[in-house]
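> everything below, folded, please.
(chains A and B)
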Amino acid sequence: MENIIEVKNLVKDFNGFKAVNDISFYVKKGEVFGFLGPNGAGKSTTIRMLTTLTRPTSGQATVAGHDIVNEPANVREHIGLVAEKLILYDRLTAMENLMFFGSLYHLPKKETKDRAMKWLKILEMEKWAHKLAGTFSTGMKQRVNIARALLTEPEVMFLDEPTLGLDPQTSRSIRDFIKDLHAHSVTVILTTHIMPEADELSDNIAIIDHGKIISIDTPAGLKASIKKDNATLEDVFLQLTGRNMRDDATVHIPSARGHMFGGKSRIR
Amino acid sequence: MARKDLLDFTRDKMQLVFVIIMPIFMMIMTGFIFPTENSLKDIPLGIANQDTGQISATMVQALTQMKTSDGSHIFSVKTYTDVNSLKDAIKAQKINGGVYIANDFSQMIQQNEQASATIIPDQSNPQISQILTQLLQQVISGTSTGIAQTKVGEMLRLSGTANPQLTQLDPAAIISPVQSATDNLIPGKPNYFQFVAPGIMALIVMMSVMTGLAVSVSKEREAGTLDGLLIAPVSRLSIILGKAFSQTVRGMAQGLIVLLLAIVIFGVHVYGNWLIMIVLMFLGVFAFMGIGILVSALASAQESAMTIMMTFQFPMMFLSGTFFPIQQMPKVMQYISKVIPLTYEGTALRKVIILGAGFSSVWTEVLILFVFGAVMLAVAVPTFRRVITK
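Numbers count the residues shown, from 1 in each chain, chains lettered A, B, ... in the order given. Alright, predicted model coming up:
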């Protein structure tokens, strides 16, 4: 199968701090690619580079056949993003949010409306379509946020901790949803700190630490690689990245500052 | 883009209310902090008249009866017995000034000597005491002129027997041979509101564009929604232009609200052409947009955007001649005010609104604003495009 993402020697240097240090990997079309690593390992920075939000210091990458540095506009037409921060306007209704983002992708109004209604229905949010997003619970917001990312029917979906801070019910429905995407051969790049989640969903998993990829394999392959009976993905993760807790390197990454002041502890 | 921003803006009812209230506050405060003769009424004035003659009584009467153009009494007169009780009352801030007339006042006049009335100003309140002194001097010199006319008339009549030509003369022409006359460009007396309204319009337009733009970008950056805009297949240029457009609409709307309030509540009259005025406001928006974009590109958080803006805007506010005429400032500040674009916006608006100036009188300001805006935009837009993707 063809590669939808190819990354070669990608480096991101924040004033001397190498957040991403010479990584190379590829993602096949239609697979769910798990991207794991401790806090500050470089997951988010990699995703920001692949989604053209951050310029790499050196190295190349293509997404859907387009270079992320030279053809960012083409890349943007093929991707969707559900990041740690919700991309929704609190003062607009769910529908207005979707209509606005649809207009950014030059979709015809009618088409946007139909698609928005379809996704809201699938995500069981159609009752709330005309309520302000600011009044929603986190789970409801995340569902609208996912509808937003899917509105443009992207070939590649980047899901950066989509189940962070959600109740088990919503997390479950989002996991089902990722499987659904997989069934419709949408490529999914998934980052998460929840090991069973990664294990359940991913075709391939990359473990990244200190800006470098230390292992890429199938979940089964990773588990087989360590000498332990009935090894879980968590065992693999802890063995590869060590048991020490990490100083959050988020100081160097403005986009991640929210965690330091947001009060959400990400150590589980 | 622009429509989304405006919708977002109007959804915040609180903010909307304050957008309207803020200019009203500003107008009211500045209007009353800096008093004019028209805005003063019932100033407590102490009079200690120890004289019993007719002339001093007339003078006191004149002060008591003095009225503003809208018919209310300027002074609320209190009577005291001597100079010291006047001074004590000023110290106690019971009155804002006093007039002392000595007991030999009428007598001196009758004996053809120079009589004097003493004005005691309240030096703790320079603004009021200046106006008060001016008014008192007017009354006193008016009284003085009246007496002089009677006396000169008397003299002319007496010497007329020796030289009949003298009886033909008008005593008034001898006492004050030169009369001053004013020929106004606009009818009536300009009040402080008339002066300050165009300045506040310029200020509000500037603030809403600069702050509005910077805050709207940094707010989205903080919330994370900016990423949503940046991963969409729209150019950075159209993102910032969309934002700029919505802020333009907002800035113009706020400017017009100020003008409307000025007209309805404070009786400000627009003497110039409305079209020129609107073009000037639009130009003001254009001139400050560049700075707004620049700050929004550089400030990572909403708070830092606000701080940067305040640093820019505060000196601008005071040095641009919005509240105080530039001519009153020290030389150094006058030079500084010359490099602040807001000065030109304010001046041009003032010319058009108060003096009814046409385009030919404001074209230098128009040119300066246009060049400033164009240069700032030329710097800001590429900076924004570069900085926004780190």
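
> quick one: what helix or strand has residue 221 in it?
No chain specified, so I'll use chain A. helix A:219-225 (DSSP states H and E).

> correction: the question concerned chain B.
B:R221 belongs to helix B:192-223, assigned by DSSP H and E.

> need the next SSE after that helix, C-terminal direction.
Helix B:192-223 is succeeded, C-terminally, by helix B:225-230 (DSSP H and E).

> check whether that next one comes near chain A.
Yes: shown here: helix B:225-230 in contact with chain A (C-beta under 8 Å from any C-beta of the partner chain) through B:T225, B:D227, B:G228, B:L229, B:L230. Glycine gets a C-beta too; all of them are placed from N, C-alpha and C.

> was I right about the second one contacting A:E84?
Meaning B:D227. No: using C-beta atoms under 8 Å, B:D227 makes no contact with A:E84, being 10.0 Å away.

> longest single helix anywhere in chain A?
When chain A is parsed with DSSP state H, its longest helix is helix A:168-183.

> which of the residues in that helix are buried?
A:T170, A:S171, A:S173, A:I174, A:R175, A:F177, A:I178, A:L181, A:H182 (16 or more other C-beta atoms under 10 Å in any protein chain shown).

> from the chain's centre, how far out does that helix sit?
Centroid displacement of helix A:168-183 relative to its chain, using C-alpha atoms, centre = their mean, to the nearest Å, is 14 Å.

> let me see the ranges of the strands in the stretch 51-200 of chain B.
Using DSSP state E, counting those that start in this stretch, the strands of the stretch 51-200 of chain B run over residues B:75-79, B:97-101, B:117-121.

> what residue is smack in the middle of chain B?
By C-alpha atoms, centre = their mean, chain B has its centre lying nearest to B:V196, at 3.6 Å.

> from what I see, it and B:T322 are in contact.
Yes: between B:V196 and B:T322 there is a contact at 7.1 Å, judged by C-beta under 8 Å.

> which residues touch the closest residue to chain B within the stretch 101-250 of chain A?
Nearest residue of the stretch 101-250 of chain A to chain B, counting by C-beta to the nearest C-beta: A:L104, 3.8 Å away. Taking C-beta atoms under 8 Å, 6 or more residues apart in numbering or on different chains, we find A:L104 in contact with B:M1, B:L229, B:A232, B:P233, B:V234.

> which of the residues you listed are buried, as a ChimeraX select command?
The buried subset of the contacts of A:L104, as determined by 16+ other C-beta under 10 Å, is captured in ChimeraX by this line:
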select /B:1,229,232,233,234
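
> of the contacts of A:L104, which pair is most distant in space?
Within the contacts of A:L104, B:M1 and B:P233 form the most distant pair, 13.5 Å apart (C-beta to C-beta).

> and the strands in chain A?
Ranges of strands in chain A, per DSSP state E, are A:3-14, A:17-28, A:32-36, A:58-63, A:66-67, A:79-82, A:156-160, A:187-191, A:204-209, A:212-217.

> now those as JSON lines including mean pLDDT?
As requested, the strands of chain A are exported to JSON lines (pLDDT from 0 to 100):
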{"stretch": "strand A:3-14", "mean pLDDT": "90"}
{"stretch": "strand A:17-28", "mean pLDDT": "90"}
{"stretch": "strand A:32-36", "mean pLDDT": "92"}
{"stretch": "strand A:58-63", "mean pLDDT": "92"}
{"stretch": "strand A:66-67", "mean pLDDT": "92"}
{"stretch": "strand A:79-82", "mean pLDDT": "90"}
{"stretch": "strand A:156-160", "mean pLDDT": "91"}
{"stretch": "strand A:187-191", "mean pLDDT": "92"}
{"stretch": "strand A:204-209", "mean pLDDT": "91"}
{"stretch": "strand A:212-217", "mean pLDDT": "90"}
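
> quick one: stretch B:296-304 to chain centroid distance?
33 Å.

> ok so, going back, which one of the strands of chain A lies closest to B:I240?
Judging these by C-beta to C-beta, what sits closest to B:I240 is strand A:79-82, at 20.5 Å.

> near chain B, which residues of the stretch 51-200 of chain A are found?
A:51-55, A:73, A:76-77, A:79, A:81, A:83-92, A:96, A:100-101, A:104-106, A:132, A:148.

> take those and keep only those in helices.
Per DSSP H, the subset of those in helices is A:A73, A:R76, A:E96, A:F100, A:F101, A:L104, A:R148.

> take the residues you listed and, keeping just the buried ones, write it as a ChimeraX select command.
To isolate the buried members of those in ChimeraX, using 16+ other C-beta under 10 Å:
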select /A:76,96,100,101,104,148
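
> the residue most distant from the middle of the chain, which is it?
All of this is about chain A. A:D229 (31.0 Å).

> could you do chain B instead?
Most peripheral residue of chain B (C-alpha atoms, centre = their mean): B:A162, 57.8 Å.

> for it, grab phi and psi.
Main-chain dihedrals, B:A162, degrees, to the nearest 10: phi -80, psi -40.

> before we move on, the earlier item: how about the strands of chain A in JSON lines, adding mean neighbour count?
Formatted as JSON lines, those follow (neighbours: other C-beta atoms under 10 Å in any protein chain shown):
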{"stretch": "strand A:3-14", "mean neighbour count": "18"}
{"stretch": "strand A:17-28", "mean neighbour count": "19"}
{"stretch": "strand A:32-36", "mean neighbour count": "26"}
{"stretch": "strand A:58-63", "mean neighbour count": "20"}
{"stretch": "strand A:66-67", "mean neighbour count": "16"}
{"stretch": "strand A:79-82", "mean neighbour count": "24"}
{"stretch": "strand A:156-160", "mean neighbour count": "23"}
{"stretch": "strand A:187-191", "mean neighbour count": "25"}
{"stretch": "strand A:204-209", "mean neighbour count": "23"}
{"stretch": "strand A:212-217", "mean neighbour count": "16"}
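
> of these, which approaches A:L120 most closely?
Of the strands of chain A, nearest to A:L120 by C-beta to C-beta is strand A:79-82, at 15.6 Å.

> so where's the chain shaky on pLDDT?
Using chain A here. Along chain A, segments meeting pLDDT under 70 span A:1, A:246-268.

> I was after chain B.
B:1-20, B:22-24, B:26-40, B:69-70, B:184-192, B:300, B:390.

> domain-wise, how is chain B divided?
B:2-34+B:190-389, B:43-175 (automatic domain parsing).

> looking at these, which is buried most?
domain B:2-34+B:190-389 (a mean of 19; mean count of other C-beta atoms under 10 Å in any protein chain shown).

> which ones are touching the residue in chain A positioned nearest to chain B?
When scored by C-beta to the nearest C-beta, chain A has A:K85 as its residue closest to chain B, at 2.6 Å. By C-beta under 8 Å, 6+ apart, the contact list for A:K85 reads A:G258, B:A223, B:G224, B:T225, B:D227.

> just to revisit the earlier point, from the ones in helices among the residues of the stretch 51-200 of chain A next to chain B, which is closest to B:V205?
A:F100 (26.9 Å).

> right, and the strands of chain A - which one's nearest B:Q123?
Taking the strands of chain A one by one with C-beta to C-beta, strand A:3-14 is closest: 61.8 Å.

> quick one: distance of that closest one to the chain centre.
16 Å.

> ditto for stretch A:55-72
With C-alpha atoms, centre = their mean, you get 18 Å for stretch A:55-72.

> with only the CA atoms kept, save stretch B:221-238 in CSV.
C-alpha atoms of stretch B:221-238 as CSV (Å, rounded to 0.1, in the frame of the first residue of the first chain):
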residue,chain,number,x,y,z
ARG,B,221,-4.2,31.8,19.7
GLU,B,222,-4.8,31.2,23.4
ALA,B,223,-8.0,29.3,22.8
GLY,B,224,-6.4,27.2,20.1
THR,B,225,-8.9,28.1,17.4
LEU,B,226,-6.2,30.0,15.5
ASP,B,227,-4.7,26.5,14.6
GLY,B,228,-8.1,25.7,13.1
LEU,B,229,-7.8,28.7,10.9
LEU,B,230,-4.2,28.0,10.0
ILE,B,231,-4.7,24.4,8.9
ALA,B,232,-7.5,25.5,6.6
PRO,B,233,-6.6,26.0,3.0
VAL,B,234,-6.9,29.8,3.2
SER,B,235,-4.0,32.1,3.0
ARG,B,236,-2.6,33.9,6.0
LEU,B,237,-3.3,37.2,4.2
SER,B,238,-7.0,36.5,3.9
